[in-house]
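Trainee: Quick one, structure for this:
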Amino acid sequence: MSFTSLGLSAPLLEAIAEQNYSEPTPIQVQAIPAVLEGKDVMAAAQTGTGKTAGFTLPILQRLAEGEPAKSNHVRALILTPTRELAAQVEQSVLTYGGKLKLSSTVVFGGVKINPQMMKLRRGIDILVATPGRLLDLYGQNAIKFDQLEVLVLDEADRMLDMGFIHDIRKIMAVLPKQRQNLMFSATFSDDIRTLAKTIVHDPVEISVSPRNTTVETVEHWLHPVDKRQKAALLIHLIQENGWYQVLVFSKTKHGANKLVKLLEAADINAAPIHGNKSQSARTRALAGFKDGSIQVLVATDIAARGIDIDQLPQVVNFDLPNVPEDYVHRIGRTGRAGSQGHAMSLVCADEVVLLADIERLIQQLIPRKYIGGFEPVHELPETQLNRRPPKPKVAKNPRSGHRDGQRSSDNAQGHKPQQGGQNRGRNAEGQRSGSAEQSPRRRPGKQSTNQSSSGQPGNRPANNRQRANPQGGNQDGGNRREVDGNRISGQQSRTEVDGNRAPPPNSNPGGNRSRPSRQNPSNQKSSNRNDGGRNSRGGSRSGGRSSADGGRSNAGGGRGNSGNQGNSSNRSPDGNR
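Mentor: Numbers count the residues shown, from 1 in each chain. This next block holds a predicted model:
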């Protein structure tokens, strides 16, 4: 079959002949007639099979028969994910439409917007754009879509993978409803197909090859090598084989810059191209690579679908991509338009999982070739198509007695049992039981037992936690206690006596509080507070409180010595002072 049988006009056939194309590719045979008929098309084909010509040729013929675009209007809009791909598509439009009276231009970010606005002011028949810059121009009223006839999403899967889904939806909202929609891509995942059906209407689906398969004209293999020997092996391959034009793909921008320095140190002319480079630098690097002045072009995946070089002989994957589909697009830069190409990957043992994902995607094991002098110390494990490689087991640390976020107490509820085999339980009355001696450490303000000091259940002990003062007595630790079912603090909470709130035991209703001097022991003997005397020689601070009558009694005569010096704070058993 020839291009003449597809219904193309004479100017287009003449332009095709000048490019030495004699027979259309399978995707062109099916797509060109459908686009000429005005149908929506959803086409998937391998990289390098002529998808760009599959939609530019029929669009040029359709627009040549209509009226030219008005000022600030466009008639056909082609959206691409990257700047390089946009420039490539616009170049195809100029190549095939050179003999037609149609205007075209390309707009993308990274350059000044004013020259682009000046071109749009004259009206453009075919506009190739990236989504971000197109929205910027629309926001400044530099472009209108009233005359739009055709919308093309080129490399739609990559566009959505790069996060342009929200920009695409904004663009769709401002476009006219009556238009022809075309979607061309190398691969279509299930999610992308679902989204595509919301954009196109009753589309003609074209698939000339299975999804995610490599081009038959590309021979690809891998070289097992240690990671630290990758750069040396690449230099060896370039110098040993006399490669004059090599496209190398790196995973990161920093890795691309580092590799270029190593290549230049070996007298190999190289240049990087990635997102951190300015648009002018990227354009110069790509142009130098095409004309042969640059021997090695080191690129990231952002440029994987925007580099179209006729008869590119070599493609090298310095790093395997994280996304398996990107492997298909990388090696698709060679072997284009029916020519033979070679693609090789430098793979270390750390990339075995990425390798297995790629082989599972393309449903074939990639042949391995070892290079003498670069045999890996860490051998690359063998892979299989139908199962993932086993993940290395990580030794677990032995469980310690205390973990972050847990209480340190041995008898903390919900953790390991108390020592001695006695766990917390409930006694015969349904209350929690457990002695205070089995709780060596408790948080302040909390009780872990429900027994009184006499061992009877139901009453909390008078003083669960006592500390010995330097004078030999006992000192209240500030734990909470229960008086008539109310929990109060030992020295800070107020108690009710006969319905009236009594002052705290440490308050001084008669005047300022006087503290005994630690320097002179004699002052401590005569220094008594109004709420009960304090004698440093004898006596004990008794926190004993009786829950029987709601009052408070000092077992030792209040805070004082054995002579009952606490006259003002003593309370009788009936709750009165």
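
Trainee: what about Thr334, distance to Glu359?
Mentor: 19 Å (C-beta to C-beta, to the nearest Å). All C-beta atoms are positioned from the backbone trio N, CA, C, and that covers glycine.

Trainee: Show me where the stretch 251-400 of the chain has its helices.
Mentor: Secondary structure of the stretch 251-400 of the chain (DSSP state H, counting those that start in this stretch): helices at 253-265, 279-291, 324-331, 352-362.

Trainee: What of the stretch 1-150 of the chain?
Mentor: Secondary structure of the stretch 1-150 of the chain (DSSP H, counting those that start in this stretch): helices at 10-18, 26-36, 51-64, 83-96, 114-121, 131-139.

Trainee: coming back round to it: mind checking which of the helices of the stretch 251-400 of the chain is nearest Thr198?
Mentor: Of all those, it is helix 324-331 that lies closest to Thr198, at 21.8 Å by C-beta to C-beta.

Trainee: Which strands or helices does that closest one pack on?
Mentor: Packing partners of helix 324-331 (3 or more C-beta pairs under 8 Å, 6 or more residues apart in numbering; DSSP states H and E): strand 314-317, strand 341-347, helix 352-362.

Trainee: average pLDDT across it?
Mentor: Taken as a whole, helix 324-331 has an average pLDDT of 85.

Trainee: Could you dump the helices and strands packed on helix 324-331 into TSV with mean pLDDT and mean neighbour count added?
Mentor: Putting the helices and strands packed on helix 324-331 into TSV (pLDDT from 0 to 100; neighbours: other C-beta atoms under 10 Å) gives the following:
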stretch	mean pLDDT	mean neighbour count
strand 314-317	93	23
strand 341-347	92	23
helix 352-362	92	19
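
Trainee: Need these in a markdown table (columns: distance to Leu151).
Mentor: Output for the helices and strands packed on helix 324-331, formatted as a markdown table (distance: least, C-beta to C-beta, whole Å):
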| stretch | distance to Leu151 |
| --- | --- |
| strand 314-317 | 32 |
| strand 341-347 | 32 |
| helix 352-362 | 30 |
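
Trainee: quick revisit: among the helices of the stretch 251-400 of the chain, which is the most enclosed?
Mentor: helix 324-331 (a mean of 23; mean count of other C-beta atoms under 10 Å).

Trainee: Point out where the protein drops to low pLDDT.
Mentor: By pLDDT under 70, the weakly predicted segments of the chain are 46-48, 187, 191, 209-215, 303-306, 310, 336-339, 386-577.

Trainee: domain assignment for it?
Mentor: 3-207, 218-362, 462-511+522-577 (automatic domain parsing).

Trainee: I'd like these as CSV, with distance to Leu380 appended.
Mentor: Output for the domains of the chain, formatted as CSV (distance: least, C-beta to C-beta, whole Å):
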stretch, distance to Leu380
domain 3-207, 26
domain 218-362, 4
domain 462-511+522-577, 65
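
Trainee: in stretch 55-73, what's buried?
Mentor: For stretch 55-73, a neighbour-count test (16 or more other C-beta atoms under 10 Å) marks 55-64, 69, 72-73 as buried.

Trainee: between those residues, which is closest to Gln245?
Mentor: Nearest to Gln245 among the buried residues of stretch 55-73 is Thr56, at 25.9 Å by C-beta to C-beta.

Trainee: Let me see the contact set for the closest one.
Mentor: Contact analysis of Thr56 by C-beta atoms under 8 Å, 6 or more residues apart in numbering lists Val89, Ser92, Val93, Tyr96, Gly97.

Trainee: any idea which of the residues you listed is closest to Val347?
Mentor: Val89 (32.9 Å).

Trainee: Which other helices and strands does the helix or strand where Met183 lies contact?
Mentor: For Met183, the element it lies in under DSSP states H and E is strand 180-185. Here strand 180-185 touches helix 26-36, strand 41-44, helix 51-64, strand 150-154, helix 156-161, helix 190-199, going by 3+ C-beta pairs under 8 Å, 6+ apart.

Trainee: Include distance to Ile168 when you put the ones you listed into JSON lines, please.
Mentor: Shown next, in JSON lines, are the helices and strands packed on strand 180-185 (distance: least, C-beta to C-beta, whole Å):
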{"stretch": "helix 26-36", "distance to Ile168": "20"}
{"stretch": "strand 41-44", "distance to Ile168": "15"}
{"stretch": "helix 51-64", "distance to Ile168": "17"}
{"stretch": "strand 150-154", "distance to Ile168": "8"}
{"stretch": "helix 156-161", "distance to Ile168": "7"}
{"stretch": "helix 190-199", "distance to Ile168": "8"}
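
Trainee: Quick one: closest of those to Leu12.
Mentor: Nearest of the helices and strands packed on strand 180-185 to Leu12, taken as C-beta to C-beta: helix 51-64 at 5.7 Å.

Trainee: can you pull the contacts of Asp301?
Mentor: Contacts of Asp301 by C-beta under 8 Å, 6+ apart are Phe249, Lys251, Pro321, Val323, Asp326, His329, Arg330.

Trainee: Counting neighbours, what do you get for the first one?
Mentor: In other words, Phe249. 27 (other C-beta atoms under 10 Å).

Trainee: hang on, the earlier thing: who wins for proximity to Gly139 among the helices and strands packed on strand 180-185?
Mentor: strand 150-154 (19.1 Å).

Trainee: Fine, thanks again, bye for now.
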